[in-house]
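Enquirer: Give the three-dimensional model of this entry:
(2 chains)
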There are 2 protein chains.
Amino acid sequence: MRAELISVGTELLLGEIVDTNAAYLSQKLAEIGVDVYHRHTVGDNLSRLAEAVGLALSRSDVIILSGGLGPTEDDLTRQAIAEATGRVLLRSPQAVDRLREFFASRGRVPTDNNLRQADAPEGAVLLDNPVGTAPGILLEHDCRQIYALPGPPTELHRMFTDQVLPRLEETSDLQGQRLYCHSLLLADIGESNAAAILAELIHDQSDPSIALYASPAQVRVRLATKAADAQTAHHRLQVAAEDIRCLLGDHVFGTNEDTMESVIGQLLRQRHATLSVAESCTGGLIASRITDVPGSSDYFLGGTVAYANEIKQALLGVPGSVLDTYGAVSAECAQAMAEGARTSFGTDFAAATTGIAGPDGGTPEKPVGLVYIAVADETDTHVEQHNWPGTREQFKRRVSQIALNTLRKRILGTT
Amino acid sequence: MRAELISVGTELLLGEIVDTNAAYLSQKLAEIGVDVYHRHTVGDNLSRLAEAVGLALSRSDVIILSGGLGPTEDDLTRQAIAEATGRVLLRSPQAVDRLREFFASRGRVPTDNNLRQADAPEGAVLLDNPVGTAPGILLEHDCRQIYALPGPPTELHRMFTDQVLPRLEETSDLQGQRLYCHSLLLADIGESNAAAILAELIHDQSDPSIALYASPAQVRVRLATKAADAQTAHHRLQVAAEDIRCLLGDHVFGTNEDTMESVIGQLLRQRHATLSVAESCTGGLIASRITDVPGSSDYFLGGTVAYANEIKQALLGVPGSVLDTYGAVSAECAQAMAEGARTSFGTDFAAATTGIAGPDGGTPEKPVGLVYIAVADETDTHVEQHNWPGTREQFKRRVSQIALNTLRKRILGTT
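Expert: I've put the predicted structure just below:
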């Protein structure tokens, strides 16, 4: 089965946004063994869009359009599919009702423009959008499947996973085989170091295939194998994963869809332990990441963002003498912050960060990128010094990751 | 002049990397007024790649290929251009010399594969690559310009800026004109409502052009005009921006590269005022956004993430009676949190959030998505109730945006 992707939007052609949807869809299709031979990006122009759909219909079994389902006159995906397939647009009464309900739940009334989102080519099935207003479209035409999904990634991911993927898996011609993947997530090691450690393994082994992907503050080792059944695949993947764990040890913090914050949540939950944080240079990012996990209120009591020195003293009990003698960016201050948070929040664990995010504020002794991380528990407080020069955003992201990883190892008792 | 982009590489079609080159080239071409109507991604397959080049030659004046210029047999861009234009590949002796020098400078000798990078279709000009081994290609064919650039972004950016851009500017039909843009950023209004308010303006006016782009919790109104000089362009853009501000009033919170948090930083800095936050359901995201702004330590003293009720009481002084009578998700609690933060941090302003992020924890009376936002200053505390059902991530993002916008209006004295 051959799929073709069409990304819709003048903002893409103007380079105002990067097309992450195309990469997401490509990856998901590869995972189920559906080949993507063409990807096309077209602006908000009816004739060029209809032409692209027509070209795709001439050479692909599945066409997935993303974007162009919004409420404005620039949103032309519905019309383009209708035109390319010689169908009329019909307004779905059920979809109109759903739109009215959606707006009513927010105390609003849909405009005429909004109701255009209930239009679809004759014969199409509307795909429910649980997280936005634009329903998706599935139209079967001349033995082809045409899908249209909304452009916002949250909506597209959700609808693709729940509604498109199961349909494609049902109709794909993998002859019983499909691609199975397993990922190991690494912290505190770079892509090239990980590649060097795994070099021999990667060289000697072709199935499962091993690939490394770096993203900010994290490396993903992706294992993939094609198999007729899940059990065979999982066995192969587990054997390979075990080899990798032996080589990389504690750097492996999770698998697949885990995040550092979800892993920490699981560890704390298993131990019925609680957590608080005291943040200076990460400015709330660690607390925000921890609370991204559903149910985190079970173990996370809260945190203090102590940006000013007087707040470090008043709310976290950092002694004035520590600030005077060692400064706010010091191992001593990080330790006092972690211990202060642990006391004031009354938690089993507390993590603290203090450093120089930049771009200003660095000195020769304490340059931009210097950071101290502390984790306190009932027995002790562990403090680390790191140096991560980079942009402010990179710095906050990396420090939050390394602080959470230090916390993880402390909970596990390996640091 | 019309350009078409072809991104080459099976790794793109597998979703293993995101195509940032396409966005980069699109943006640079838009800036000099070259229209991009089509973008195409093709894998490492000679016939499909040659076909894509042929299609592009049939409808575009300039074709820019990125990727597929490496030394391996999978790198087929050179052959595809040769095939689509009916030319043979020739090896350039100068390019062979350059490759030998490049390798010699690293103490190595090029392999036969490496020397393939010196091949180009007959009649092509080789473009020097100062930061890598693969030279680029420029071939003029039937009044079309075909460019091929290497895929690594560092190499592509450098060669595009130094060697492609000047040639395009020379041959483009802009007659000295280029594109100038100005964006207005909107909060607390959806894309369709904004479009409805601006409908007449959009309809009546073609220069500057007006386009709306929605991103999470924000709408961008983008004005664009082609002009021979910056002054003419800026005048046109300012007149149109003024019309839009008249219609959208307080919804306009910033321009161009502003963010809500940077705008708030400017407002606080102008007033020599300080800020603290008290967050429950946003879990630190507001503090993290505020501290994303360089220099935010000048006005942001800190915040309390009070996830547990006992923390709301102990650290923010929320009375137990408020929690007992109204619950943690209530206007009364939000008000007490904001006032408590303002007192304990000693700031001029304080913002607070309390709500139900979900997916669990909702009740019929207090459903997932319900949130109270409070902003306290020396005169008063303003409290708002909102309802934003959605994913946990959407909820946190939207609530942080609306809370910051409420704060913005409070600082300006318009709420």
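Enquirer: Around the nearest residue to A:Asp377 once chain neighbours are set aside, count how many other residues there are.
Expert: Excluding the flanking residues, the one nearest A:Asp377 by C-beta to C-beta, 6 or more residues apart in numbering or on different chains is A:Phe349, at 5.2 Å. For every residue, glycine as well, the C-beta is placed using N, CA and C. Other residues lying near A:Phe349 total 24 when counted by other C-beta atoms under 10 Å in any protein chain shown.
Enquirer: If we go by neighbour counts, what in the helix or strand of chain A with the lowest mean pLDDT is buried?
Expert: Among the helices and strands of chain A, strand A:209-215 carries the lowest confidence by mean pLDDT, DSSP states H and E, at a mean of 78. Using 16 or more other C-beta atoms under 10 Å in any protein chain shown as the test for burial, strand A:209-215 gives A:Ile210, A:Ala211.
Enquirer: How about stretch A:96-115?
Expert: Here stretch A:96-115 shows A:Val96, A:Arg98, A:Leu99, A:Arg100, A:Phe102, A:Phe103, A:Pro110, A:Thr111, A:Asn113, A:Asn114 as buried, counting by 16+ other C-beta under 10 Å.
Enquirer: The first one is in what secondary structure piece?
Expert: So that's A:Val96. A:Val96 is part of helix A:93-105 when elements are defined by DSSP states H and E.
Enquirer: and the gap between A:Asn129 and chain B?
Expert: Going from A:Asn129 to chain B by C-beta to the nearest C-beta, to the nearest Å gives 11 Å.
Enquirer: Also A:Arg116?
Expert: Distance, A:Arg116 to chain B, using C-beta to the nearest C-beta: 9 Å.
Enquirer: A:Gly249 too?
Expert: Taking C-beta to the nearest C-beta, one finds A:Gly249 at 26 Å from chain B.
Enquirer: Same question for A:Leu212.
Expert: Distance from A:Leu212 to chain B, by C-beta to the nearest C-beta: 10 Å.
Enquirer: quick one: contacts for that residue?
Expert: A:Glu191, A:Ala194, A:Ala195, A:Leu198, A:Val219, A:Arg220, A:Val221, A:Arg222 (C-beta atoms under 8 Å, 6 or more residues apart in numbering or on different chains).
Enquirer: can you confirm the fourth one is in a strand?
Expert: I take that to be A:Leu198. No: membership of A:Leu198 in a strand is not supported by DSSP: H, G, I helix; E, B strand; the rest coil, which gives helix.
Enquirer: who's in contact with A:Leu46?
Expert: A:Leu76, A:Gln79, A:Ala80, A:Glu83.
Enquirer: Quick one, grab the pLDDT at the second one.
Expert: Turning to A:Gln79, the model gives it a pLDDT of 96.
Enquirer: Report the buried residues of stretch A:249-267.
Expert: So for stretch A:249-267, counting by 16+ other C-beta under 10 Å, buried means A:250-254, A:259-265, A:267.
Enquirer: what do you get for stretch A:18-26?
Expert: A:Val18, A:Asp19, A:Asn21, A:Ala22, A:Ala23, A:Tyr24, A:Leu25, A:Ser26.
Enquirer: out of the residues you listed, who's nearest chain B?
Expert: Closest approach between the buried residues of stretch A:18-26 and chain B, by C-beta to the nearest C-beta: A:Ser26, at 3.2 Å.
Enquirer: I'd say the closest one and B:Ile17 touch.
Expert: No: with contact defined as C-beta atoms under 8 Å, A:Ser26 does not count as touching B:Ile17 (9.7 Å).
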